[in-house]
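**Student:** sequence first, predicted model second:
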Amino acid sequence: MPEGGSRPSIARVWIDSPLPQLDRLFDYRIPPELDADIAIGVRVRVPWRSAGRFVDAYVIDIVDSVDFTGVLSLVETVVSPVPVLAAEVALLSRRASERAAGSAIDIVRVAVPTRQARVEKAWLAAGEPPRLPRVEAVEVTGYEKGVVERAITDGSRLAIDAVPLGSQRESGWISRWALTLAEAATQSLAGGKSAILAVPDFRDQEQLAAALDSLLPPERIVRLDARQSNPDRYRAFLKCLGADPVVIVGNRSVIYAPARRLGLIALWDDGDPLYGEPLAPYVNTRDAALLRQEQQAAALIFIGHSRSTEVERLVELGWLDAVAPSPSVLPKVIPTAQQAGGDRMAAQARIPSTAWTAARVALESGPVLVQVARPGYAPRLACTECGQSARCLRCEGPLAQKSARSIPACAWCGALAVDWHCENCAGTRMRLVGAGGASRTAEELGRAFPGVRIIVADGDRPILSVDSEPALVIATRGAEPVASGGYRAVLLLDGERMAARESLRVGEDCLRWWSNATALAARGAPTYLVGVGGALAQALATWRQSEYAREELADRRRLRFPPAVRVATVTGTLDAVASAIGALEIPAEDVLGPVETGPGAVRTIVRFDYAAGTGLAADLRAEVIRSATSRRRALAGKSAGPAIPANLRVRFDDVEPFETGL
DNA sequence: AGCACGCCGACT
DNA sequence: GTCGGCGTGCTC
């Protein structure tokens, strides 16, 4: 504060509006009666020439003079004196939005939960809580002594291969990756700094919460996730603003938590698509984490059982240091490329005899996990006679139907299945079966293993953990419960169908799903990967996911596909898209499209090297603003009817065009 | 988004 | 001469 002089009296604010042309600072004079309450980060209401009389805004800066030559309006009211938009989060929002050609305020909306007046009042009345006792650092086990600890002290960046095991704690059986993160968090806290730990979904969150509970007092742990009620969420958010460093655990948006002295940012399983923000400007948590790490000089950890191609790219660049478990832990994985014969019952037809026998033996001592594909999303064509999956006669690929009446075609080579016959029983007709799905498999296996306890876990029936008693646990991928003591055997049943999905990421996705399920097995217990061969099976069997990621990334480089390059999709009316693309300095071979995506809408994909991203984002941003401020209603006239989409929309790092065919 | 400003056709 | 059409542009 200037000596003797009056305090700066102009608030620079971000207006809470989705309009891209308003994504900048506006200046308001601070009336003396509000001076005491206004601080950087508080929410205010300011007069606005249009759109009603007032709008919400965040104070980004407080200064004593501005360049603006017009007459400044006065701040109307202070919504609350709590500085909910921390300066570093505002800066992160700005950087992340710039990188994605979007508005900072759109990220702020994700970063700051809705205010709960009652909760806030109680928090303000309670005042500063007493300081917490010092946290003792816990050694990070399972890795070369001191490696992870040093990285946290130094604020460096790691890609860690998780230990594919579980561990018994007082609170129950906990996956080792969760313990590793909890141990790492204690290191950060002991150094007087907060930690942000991000997980894709609630079941991972439960694992991590249990691990943290076993090492830290509850006052040091803040849960900030999407499943909380608004009051709970706001209460947790306010707790982050306290003076003591805390561990903040949550889903994708936790990356924007207001952690001031931030010592560690960690993401579990960064390849999970749940880290993709569905709201504009669609910033992936991984990218936000990378920006925030640089900005606040925190340590950064990506940990998983498999490695995403994005992380592999950063490892190859030297941006991340790879760390593997020491001593190394290799799960026992047995790929069985061939399907079992079709001469048995339906359930057995899907399980080769070796795996079948192993499951039977394992069931004598404890739980067995059967992972199946999610139901209904890739119905299978099977021989009407024997039930065996219909395969392409030319390349053995899986057959699929585009629509109910179309001729089935191979998902791999595209050959139409005319004059088809079953290679197993020579039947000539096939039918669509809603193959997979936990319920159906449970039914089949229930008949095949009479007397065995069957537990079904899927999206509708979430189960977090099972005991160590014998049971067949049938789970859709991603919904696998943790078994106390680990599963005695794991069967990855629908690998073939999972791998038949047509998607750029299908390989790394499968490897991630299978690796995560494999890591739930007890030490030495077998995992059977059914119906899959080749590089994928090899990678899982040798537990060398990073080598697979390296080859995968090399392929993407050859093809100029992400993440070897970045992409952006430009969507809108043909004219708007054409003129936006025309304004870019980009070689023609990196412009893909336009293709029609709807009535009057087209989409063009541009791809570019990382170094060109900043410039391209700025150019496209300018086009979006230009399109929004000039000749709105390009073809709408004033006719009633469905609202026409914005003339021009831009989305960076959109994977959707590469996820064809679900 | 809203809403005001502004520059051309039919009217008292 | 003026009332009003909605294209264009601004919002501290």
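**Tutor:** Okay, I see it.

**Student:** up against DNA strand C, what does the stretch 401-550 of chain A have?
**Tutor:** Of all the residues in the stretch 401-550 of chain A, not one is in contact range of DNA strand C (CB under 7 Å from any atom of the strand). From N, CA and C alone the C-beta is placed, and that goes for glycine too.

**Student:** now do the helices in the stretch 401-550 of chain A.
**Tutor:** With DSSP state H, counting those that start in this stretch applied, the stretch 401-550 of chain A shows helices at A:438-448, A:495-499, A:506-518, A:534-542, A:545-559, listed in chain order.

**Student:** could you tell me how many residues sit around the closest residue to DNA strand B within the stretch 201-350 of chain A?
**Tutor:** Of all residues in the stretch 201-350 of chain A, A:A280 sits closest to DNA strand B, at 14.1 Å by CB to the nearest atom of the strand. Other residues lying near A:A280 total 20 when counted by other CB atoms under 10 Å.

**Student:** what helices and strands are in contact with the longest strand seen in chain A?
**Tutor:** The longest strand of chain A (DSSP state E) is strand A:54-63. Packing contacts for strand A:54-63, counted by 3 or more CB pairs under 8 Å, 6 or more residues apart in numbering; DSSP states H and E, involve strand A:10-15, strand A:25-29, strand A:43-47.

**Student:** now the residue nearest to A:S214 when sequence neighbours are not counted: phi and psi?
**Tutor:** In space, and not counting its chain neighbours, A:S214 is closest to A:R169: 4.5 Å by CB to CB, 6 or more residues apart in numbering. Main-chain torsions, A:R169, degrees, to the nearest 10: phi -130, psi 170.

**Student:** immediately after the worst-scoring helix or strand of chain A on mean pLDDT, which helix or strand?
**Tutor:** When the helices and strands of chain A are scored by mean pLDDT, DSSP states H and E, helix A:346-349 comes last with a mean of 57. Using DSSP states H and E, the helix or strand that follows helix A:346-349 in sequence is helix A:353-362.

**Student:** look up the closest residue to A:R118, ignoring the ones flanking it.
**Tutor:** Closest residue to A:R118 apart from its sequence neighbours, by CB to CB, 6+ apart: A:P231 at 7.2 Å.

**Student:** sorry, back to before: dump the helices and strands packed on strand A:54-63 to CSV, plus mean pLDDT, mean neighbour count and distance to DNA strand B.
**Tutor:** Formatted as CSV, those follow (pLDDT from 0 to 100; neighbours: other CB atoms under 10 Å; distance: least, CB to the nearest atom of the strand, whole Å):
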stretch, mean pLDDT, mean neighbour count, distance to DNA strand B
strand A:10-15, 97, 22, 10
strand A:25-29, 96, 18, 12
strand A:43-47, 96, 19, 12
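
**Student:** and the gap between A:S9 and A:Y28?
**Tutor:** Remark: distance between A:S9 and A:Y28 (CB to CB, to the nearest Å) = 10 Å.

**Student:** of all the residues in the stretch 201-350 of chain A, which one is nearest DNA strand C?
**Tutor:** Using CB to the nearest atom of the strand, the closest approach of the stretch 201-350 of chain A to DNA strand C is made by A:A280 at 18.1 Å.

**Student:** residue contacts, that residue?
**Tutor:** Applying CB atoms under 8 Å, 6 or more residues apart in numbering to A:A280 gives the contacts A:102-103, A:106, A:651.

**Student:** the same query, at a cut-off of 7 Å, please.
**Tutor:** A:A280 is in contact with A:102, A:106, counting by CB atoms under 7 Å, 6 or more residues apart in numbering.

**Student:** and the pLDDT at it?
**Tutor:** With respect to pLDDT, A:A280 scores 92.

**Student:** ok, A:A479 touching A:D460?
**Tutor:** No: if you go by CB atoms under 7 Å, A:A479 and A:D460 don't touch, sitting 9.4 Å apart.

**Student:** so for those two, which sits in the more crowded spot?
**Tutor:** Neighbours were counted for A:A479 and for A:D460 using other CB under 10 Å; A:A479 has more, 22 against 11.

**Student:** scan chain A for its longest helix.
**Tutor:** The longest helix of chain A (DSSP state H) is helix A:613-629.

**Student:** number of nearby residues for the closest residue to A:R431 other than its chain neighbours?
**Tutor:** Leaving aside its sequence neighbours, A:R431 sits nearest to A:T384 (CB to CB, 6+ apart; 4.9 Å). Neighbours of A:T384 under the rule other CB under 10 Å: 15.

**Student:** A:T384: what's it in contact with?
**Tutor:** For A:T384, the contacting residues are A:427, A:429-431, by CB under 7 Å, 6+ apart.

**Student:** among those residues, which one has the most neighbours?
**Tutor:** Of all the contacts of A:T384, A:M430 has the most neighbours under the rule other CB under 10 Å, reaching 22 neighbours.

**Student:** separation between A:I15 and A:Y256?
**Tutor:** Using CB to CB, which is the criterion applied here, A:I15 is 19 Å from A:Y256.

**Student:** tell me which element the residue nearest to A:R118 falls in.
**Tutor:** helix A:230-240.

**Student:** hmm, A:T604 is touching A:G582, no?
**Tutor:** No: contact criterion CB under 7 Å: A:T604 and A:G582 do not qualify, at 10.7 Å.

**Student:** out of those two, which sits in the busier spot?
**Tutor:** Set A:T604 next to A:G582 and count neighbours by other CB under 10 Å: A:T604 wins out with 19 against 9.

**Student:** contact residues of chain A facing DNA strand C?
**Tutor:** Residues of chain A lying near DNA strand C by CB under 7 Å from any atom of the strand: A:19, A:21-22, A:25-28, A:46-51, A:66, A:68, A:70, A:72-73, A:629-632.

**Student:** contacts only, for A:I248.
**Tutor:** Contacts for A:I248 (CB under 7 Å, 6+ apart) come out as A:194, A:196, A:222, A:224, A:240, A:254, A:257, A:259.

**Student:** may I see the ChimeraX selection of the buried members of those?
**Tutor:** Paste this into ChimeraX to select the buried members of the contacts of A:I248, with burial taken from 16 or more other CB atoms under 10 Å:
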select /A:194,196,222,224,240,254,257,259
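
**Student:** quick check, central residue of chain A?
**Tutor:** A:Y275 (1.5 Å; CA atoms, centre = their mean).

**Student:** next, give phi and psi for whichever residue of the stretch 401-550 of chain A sits closest to DNA strand B.
**Tutor:** Among the residues of the stretch 401-550 of chain A, A:L504 lies nearest to DNA strand B; the distance is 33.8 Å by CB to the nearest atom of the strand. Here is the backbone geometry of A:L504 (degrees, to the nearest 10): phi -60, psi -40.

**Student:** next, format the helices of the stretch 401-550 of chain A as JSON lines and append mean pLDDT.
**Tutor:** Below are the helices of the stretch 401-550 of chain A laid out as JSON lines (pLDDT from 0 to 100):
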{"stretch": "helix A:438-448", "mean pLDDT": "76"}
{"stretch": "helix A:495-499", "mean pLDDT": "85"}
{"stretch": "helix A:506-518", "mean pLDDT": "97"}
{"stretch": "helix A:534-542", "mean pLDDT": "96"}
{"stretch": "helix A:545-559", "mean pLDDT": "96"}
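
**Student:** what would the ones you listed look like in CSV with mean neighbour count?
**Tutor:** Listed next are these as CSV, based on neighbours: other CB atoms under 10 Å:
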stretch, mean neighbour count
helix A:438-448, 19
helix A:495-499, 23
helix A:506-518, 23
helix A:534-542, 19
helix A:545-559, 17
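
**Student:** check contacts around the closest residue to DNA strand B within chain A.
**Tutor:** Closest residue of chain A to DNA strand B, CB to the nearest atom of the strand: A:S50 (3.3 Å). Going by CB under 7 Å, 6+ apart, A:S50 touches no other residue.
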